[in-house]
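**Student:** Attaching a predicted model along with its sequence, questions to come.
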Amino acid sequence: MRRRRVTPRVYSSASRWPRFWLVVGILHGLRVASSPARLEFGVFAIVLFLFVSLVGLVILAIERYFGMLEKTQELGVLGVLGASLTYVSGLLLLETLAICVPASAAGIGATFLMRWGAAMAFPKLLRIDVVYLWWPIAFGIAALGSVVGAVIGARKALRDGVVQALSYEP
C-alpha cells in the first residue's frame, strides 16, 4: 500500500476559497492548510466582528428609543386620532428605510474612497478587499437596531403621549 503525499493547496482566485475565509476576509497569500496562528486570527476576527456588531446594534437601538421618546407628543396626537401600533410601526419602518438606505450607500461609497486612498498611499504595502457578502448583513444590522429601538420607544410614547397630547403646556 502506497502512502500519498499531501501538499497544501494554494487558491489563486477568490471564487474557490472556502466560505469561512471569505467571512474573515483573508484572501491573499495564505494557504488553506491550517495553522494555529491562522486559526487564532480567524477566531479573533470573527469574535471582534460580532462584538462590534452587537455594540453598534445596541447603540443604534438606544438612539432610536430616545428619539421616539422625544416624539411623545406627536405620537400621542396620532394615538388620539386613532392610529394603532401597527400603523405607527409602519411609519417607523418607512422612516428607518429612509435613514438606513442612504446611510448604507454612503458607507459603501466611503469604503471605496478609503480603498482608493490606501491604494494611492501604500500601493505595495496595503491591499483592501471589499467583501460584497457583508453589504446586506451591515444593512440588516443597522435596520434591525433602528426598528427595535423605534418600536420599543413608540410603544412607551403612545402609552404616555395621549395624556401629554391632551394637556396643553406652552
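**Tutor:** Sure thing, it's come through. Keep in mind that this is a model prediction, so the values were computed, not measured.
**Student:** what's the following helix or strand after the worst-scoring helix or strand of the chain on mean pLDDT?
**Tutor:** Every helix and strand in the chain was compared by mean pLDDT, DSSP states H and E; the lowest is helix 19-24, with a mean of 48. Downstream of helix 19-24, the next assigned helix or strand under DSSP states H and E is helix 36-70.
**Student:** quick one: low-confidence ranges for the protein?
**Tutor:** Where the chain drops to pLDDT under 70, the residues are 1-35, 164-166, 168-170.
**Student:** what comes up buried for the host helix or strand of Phe112?
**Tutor:** With elements taken from DSSP H and E, the one containing Phe112 is helix 85-121. In terms of neighbour count (16 or more other Cβ atoms under 10 Å), helix 85-121 has its buried residues at 88, 92, 95-96, 99-100, 104, 111. (Each C-beta comes from the backbone N, C-alpha and C, glycine too.)
**Student:** for these, which one is nearest Leu158?
**Tutor:** Among those, Val88 lies closest to Leu158 (Cβ to Cβ), at 6.4 Å.
**Student:** what's the angle between the helix holding Phe112 and helix 36-70?
**Tutor:** 140 degrees (axes from the mean of the first three to the mean of the last three Cα atoms, to 10 degrees).
**Student:** Could I get the contacting residues of Leu57?
**Tutor:** Contacts of Leu57 were listed using Cβ atoms under 8 Å, 6 or more residues apart in numbering, and they are 141, 144-145.
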